[in-house]
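Participant: Quick one, what's the 3D model for this:
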Amino acid sequence: PWDDPIPVTRAWCLWEAFCAVDLHRSDPRVRLAVAVPPREQQELLRDLQGNMRAVLDALVKIQAEQAAAWNPQDRDNIFAAIRATVGFAQLNHVLKDQLRTWYLEAVVQLAEDAAGRASDCADSSSAAAEQRAHTLHTLGITLLDFGRLEAALACHEKLLELQLARLGPEHADLAAVHNNLGLVHLRLGHHEAALQQHERALKLRRQHLGELHAGTAASYHSLATVYEELGQHTRAVDYYQRALDIKLRVLGPDAASTAGTRYSLAAVYQQLAQFPRAVEQGTQALATVRRCHGGQHPETARVLHNLGAAQLSLGHYAAAEQHLREALEIERSTLGADHPETALLRNTLGVACCLLAQYEPAEELCTRALEAQQTCLPAGHADLAEPLLALSSVHAALARYPRSLELAQQAQGLLRAALGADHAQTARALVAVGSVLVQQGLFRRALTHLDDAHAVLQARLGPQHPDTLAAQTLRAEAQAGLGLYASAGRLLEHTVLPALTSGLGADHPTTAAAQALLGMLCTELGRYDRAVTLLQQARDTQLAWLPSNHPQTATTLGYLAAAVRRQGAPRAPRRALELLDDALQRVCGVLPKEHPTLADLHYTRGLLLLDLGDAVGAVGQARRVLAHRRHVLGPDHPALALAHALLARAQQLQGVVGYVAAAQAYAAALQVQRQQLGEQHPTTAYIFHHQASLCLAQDQPLVARDLYRKALATRRVLLGEQHPDTLETAAALRPLELLEPDKPKSATPSLVRVPAPPYGTHYRPGFKVLRAPSSRTSR
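Facilitator: From the prediction side, this is the model:
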């Protein structure tokens, strides 16, 4: 029969299917095909009229590993061969794909036949009309379940036309028609149409069934789903809660429908950043759904998906990955690899892999999700933005910034058209655009986007929501790129970190990322002890929660090495070198060899080699950093100014033979810096300061004095009078101020050049706080 094919239950038939699947891997011409007798189409329709989920149940029931044989030894040998090659999971996928294709082709054909004959049965007294309406209802639900949205829409619209003609607009049976038509419109992204249909359904159900009825609860649930999609989360919680209260009273806590509302409510709690409540509701729902549907049903996968998304938000990345992989396996087997829900789930798993620094599988998962959604969703659908943003994050993590920006801008434009500029989802996409711009060194453009996104997120989600705080963190990062260290530090220390610590906890990876960024800023601001404390806390959290080879941990170790170096404690350079070696070893093989994170670590290593007087080693590090940054970031990125300056200092350390090359490198550094960030920037002052020391070495004290003056003026304004770098420049300038402008240089034989200790770590954009995705699974 169609719902329990005999060949799947027989081991020798399974052997033939296995041979076809195995041979297909080496010869694509070999294919497995499933043929079903024509009479089974009518049997399928009959069974669907008794159970609208009959197709899903049939796919769940098919398990190749339950096949039997007359001779148990034959069965064992066949099973061993399958396990040793393609595996039962792949064999089940192939069998179910073939059966699913036949089921859906049969359902589509039946729906077209029913719709074509519906207009002949408009007489309300006609039993045939009632039967046709039931058929359209059943087939429409099945098509919706399997993501055939356009066919489902046509089916339900024809059903509405038939029922209006038969029963009139106020009949109780019209409520289910309006409700199901609303579900289709919502999946197609037609939010206003979905809202109208569900409001009509609720009105009819309250009128005919009363408030305390499962049908009324279903309408509240459906309306809540629309409000959730529209970003009206408080209203969505209210409607979900009404649905849950009714279902608890009418159906009880152990009903599958009650569990469905629980996990949908959990999804909204996640978007409202109430993560413990989301996990609590999701965990309760999972236990109920497993009991009602078993472990291989799509409802089980939906709960696992929402639960995994909530765990991502809590920073439990490994546990989330496990739940998401289990859910994906279920949906691939039942709904198929190209179903919209499977695609959305695959995308969420891709985000989890990206958070775990598994970039290659993340890119593959998100790319396949995008391709599947582009196939089954209409152009311009809001759900297409999710894989676009996920892919943007993967490309950004791998320093493919132009492609990352293109994808983020595409997602933002799509969401703006579908949901409006003031929707939280649109603002999240704008944050992604700003994030890439920060990493490209386009700080002013980034701030414009981030300020707009922050205004929307604060209005929609509140100032304490993690998404609002993510925008604030990136605003601080952009301000730091512009040299506004004090302003960026205040934003992080007084706004972002307290809110993250209160909302997510002190040991959350997102909190650690913000701590690391603040630690880097404290180093720039001369607060070295505070920097070391913050960075050690961030490192400990990241080592506890992230994989040992995660780039965020390596970045934090690099920041810590720079802070330890500037602290000036005994053995500071050696201790800092140990931290850098640890960081480089962790990300070896995880990131491309020219990745900016690795260049940053080598930059700090170059500064340490300068401290140790290793001019040759410092020159090698500087050339490496310069080449890698130029290749990945382009010739005009602000980070190249520091790379040129490092090379200049290393060449200057070589003595007279390196002075000419050092002067050229300082000139190149100033050209990039002035072009991108201007004169009033700490890095510009840094270059002036060390360029002045070169002029002193070349016996040009008056030129050196002018450069020190420029450096001192900038450092006083941006860093303060008591900053170690300001004091350093002032000390170097002090003896030069005794010179007369026209006094011969030979008249100052007592002048002694004050050697400037190497400047500390410098900011390079690119510390990206990754964000877990919003939960947007189907209810």
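
Participant: Ramachandran angles for Leu95?
Facilitator: phi -60, psi -50 (degrees, to the nearest 10).

Participant: Report how many residues lie close to it.
Facilitator: 24 (other C-beta atoms under 10 Å). Yep, even glycine has a C-beta here, placed from its N, CA and C like the rest.

Participant: That one contacts Glu16, correct?
Facilitator: No. Leu95 lies out of contact with Glu16 (C-beta atoms under 8 Å); the separation is 11.7 Å.

Participant: who touches the helix or strand containing Ala668?
Facilitator: Per DSSP states H and E, Ala668 falls inside helix 659-676. For helix 659-676, the surrounding residues in contact (C-beta atoms under 8 Å, 6 or more residues apart in numbering) are 441, 635-638, 640-642, 644-645, 647-649, 651-652, 681, 683-684, 687, 690-691, 694, 697-698.

Participant: which residues touch Ala327?
Facilitator: Contacts of Ala327 (C-beta under 8 Å, 6+ apart): Thr300, Ala301, Arg302, Leu304, His305, Gly308, Leu345.

Participant: now the helices for the stretch 301-450 of the chain?
Facilitator: 317-334, 340-355, 359-376, 385-397, 401-419, 424-439, 443-461 (DSSP state H, counting those that start in this stretch).

Participant: Cys155 is nearest to which of the ones you listed?
Facilitator: The closest of the helices of the stretch 301-450 of the chain to Cys155 is helix 359-376. By C-beta to C-beta, the value is 16.4 Å.

Participant: Next, the angle helix 401-419 makes with that closest one.
Facilitator: 40 degrees (axes from the mean of the first three to the mean of the last three C-alpha atoms, to 10 degrees).

Participant: hmm, back to that, hmm, which of the contacts of helix 659-676 are the buried ones?
Facilitator: 441, 637-638, 640-642, 644-645, 647-649, 651-652, 681, 683-684, 687, 690-691, 694, 697-698 (16 or more other C-beta atoms under 10 Å).

Participant: how about the helix holding Ala668: buried residues?
Facilitator: Tyr659, Ala661, Ala662, Ala663, Ala665, Tyr666, Ala668, Ala669, Leu670, Val672, Gln673, Gln676.

Participant: now the angle from it to helix 443-461?
Facilitator: Using the same axes, to 10 degrees: helix 659-676 against helix 443-461 is 40 degrees.

Participant: orientation of whichever helix or strand comes after helix 659-676 relative to helix 659-676 in degrees?
Facilitator: In the C-terminal direction, the helix or strand that comes right after helix 659-676 (DSSP H and E) is helix 682-697. Helix 682-697 and helix 659-676 meet at an angle of 160 degrees, taking the same axes, to 10 degrees as the criterion.

Participant: Give me the helices and strands touching the helix or strand that helix 682-697 is followed by, please.
Facilitator: Using DSSP H and E, the helix or strand that directly follows helix 682-697 along the chain is helix 701-718. On a contact count with 3 or more C-beta pairs under 8 Å, 6 or more residues apart in numbering; DSSP states H and E, helix 701-718 meets helix 682-697, helix 724-733.

Participant: Show me what the lowest-mean-pLDDT helix or strand in the chain is packed up against.
Facilitator: Every helix and strand in the chain was compared by mean pLDDT, DSSP states H and E; the lowest is helix 54-61, with a mean of 70. Helix 54-61 makes packing contacts with helix 39-50, helix 87-118, helix 127-145, helix 317-334 when contacts are defined by 3+ C-beta pairs under 8 Å, 6+ apart.

Participant: Now with 10 Å, please.
Facilitator: Counting contacts by 3 or more C-beta pairs under 10 Å, 6 or more residues apart in numbering; DSSP states H and E, the secondary-structure elements packed against helix 54-61 are helix 39-50, helix 87-118, helix 127-145, helix 275-293, helix 298-313, helix 317-334.

Participant: which strands and helices sit next to the next helix or strand after that helix?
Facilitator: Per DSSP H and E, the first helix or strand lying C-terminal to helix 54-61 is helix 72-84. Under the contact definition 3+ C-beta pairs under 10 Å, 6+ apart, helix 72-84 sits against helix 11-24, helix 87-118.

Participant: Could you export the ones you listed as a markdown table, including mean pLDDT and distance to Leu702?
Facilitator: Formatted as a markdown table, the helices and strands packed on helix 72-84 follow (pLDDT from 0 to 100; distance: least, C-beta to C-beta, whole Å):
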| stretch | mean pLDDT | distance to Leu702 |
| --- | --- | --- |
| helix 11-24 | 75 | 80 |
| helix 87-118 | 72 | 78 |
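
Participant: which one of these lies closest to Glu40?
Facilitator: That would be helix 87-118 among the helices and strands packed on helix 72-84, by C-beta to C-beta, at 7.9 Å.

Participant: what's the angle from that closest one to helix 54-61?
Facilitator: Using the same axes, to 10 degrees: helix 87-118 against helix 54-61 is 170 degrees.

Participant: Show me what helix 87-118 packs onto, helices and strands only.
Facilitator: Judged by 3+ C-beta pairs under 10 Å, 6+ apart, the packing partners of helix 87-118 are helix 11-24, helix 39-50, helix 54-61, helix 72-84, helix 127-145, helix 149-167, helix 317-334.

Participant: I'd like these laid out as CSV, including distance to Gly483.
Facilitator: What follows is the helices and strands packed on helix 87-118, written out as CSV (distance: least, C-beta to C-beta, whole Å):
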stretch, distance to Gly483
helix 11-24, 60
helix 39-50, 67
helix 54-61, 59
helix 72-84, 61
helix 127-145, 55
helix 149-167, 51
helix 317-334, 34
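
Participant: Nearest to Tyr708, out of those?
Facilitator: helix 317-334 (49.3 Å).

Participant: where's that closest one relative to the chain centroid, distance-wise?
Facilitator: 17 Å (C-alpha atoms, centre = their mean, to the nearest Å).

Participant: ok so, going back, may I see the contacts of Ala327 arranged in CSV, with distance to Ala201, pLDDT and neighbour count as well?
Facilitator: Listed next are these as CSV, based on distance: C-beta to C-beta, whole Å; pLDDT from 0 to 100; neighbours: other C-beta atoms under 10 Å:
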residue, distance to Ala201, pLDDT, neighbour count
Thr300, 27, 92, 24
Ala301, 26, 92, 29
Arg302, 22, 90, 26
Leu304, 29, 93, 30
His305, 26, 93, 29
Gly308, 31, 92, 29
Leu345, 28, 94, 29
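
Participant: Name the residues that touch the least confident helix or strand of the chain?
Facilitator: Helix 54-61 is contacted by residues 1-5, 8, 44-48, 51, 53, 92, 95-97, 99-100, 103-104, 106-107, 138, 142, 145-146, 293-300, 330, 333-336 when judged by C-beta atoms under 10 Å, 6 or more residues apart in numbering.

Participant: 6 Å instead, please
Facilitator: Asp3, Asp47, Leu48, Lys96, Tyr103, Thr142, Gln296, His297, Thr334 (C-beta atoms under 6 Å, 6 or more residues apart in numbering).

Participant: before we move on, what about stretch 613-626?
Facilitator: 599, 602-603, 605-606, 609-610, 643, 646-647, 650, 653-654.

Participant: can you dump the C-alpha coordinates of stretch 645-665 into CSV?
Facilitator: Output of stretch 645-665 as CSV, limited to C-alpha atoms (Å, rounded to 0.1, in the frame of the first residue of the first chain):
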residue,chain,number,x,y,z
ALA,A,645,54.7,52.7,10.7
LEU,A,646,55.8,49.4,12.2
LEU,A,647,58.0,48.8,9.2
ALA,A,648,59.4,52.4,9.5
ARG,A,649,60.3,51.9,13.2
ALA,A,650,61.9,48.5,12.5
GLN,A,651,64.0,50.0,9.7
GLN,A,652,64.9,52.9,11.9
LEU,A,653,66.1,50.4,14.5
GLN,A,654,68.6,49.1,11.9
GLY,A,655,70.5,52.3,12.1
VAL,A,656,71.8,54.7,9.5
VAL,A,657,71.4,52.1,6.7
GLY,A,658,67.6,52.0,7.3
TYR,A,659,66.9,55.7,7.7
VAL,A,660,66.0,56.4,4.1
ALA,A,661,63.6,53.5,3.9
ALA,A,662,62.1,54.4,7.3
ALA,A,663,61.4,57.9,6.1
GLN,A,664,59.6,56.6,3.1
ALA,A,665,57.6,54.2,5.2
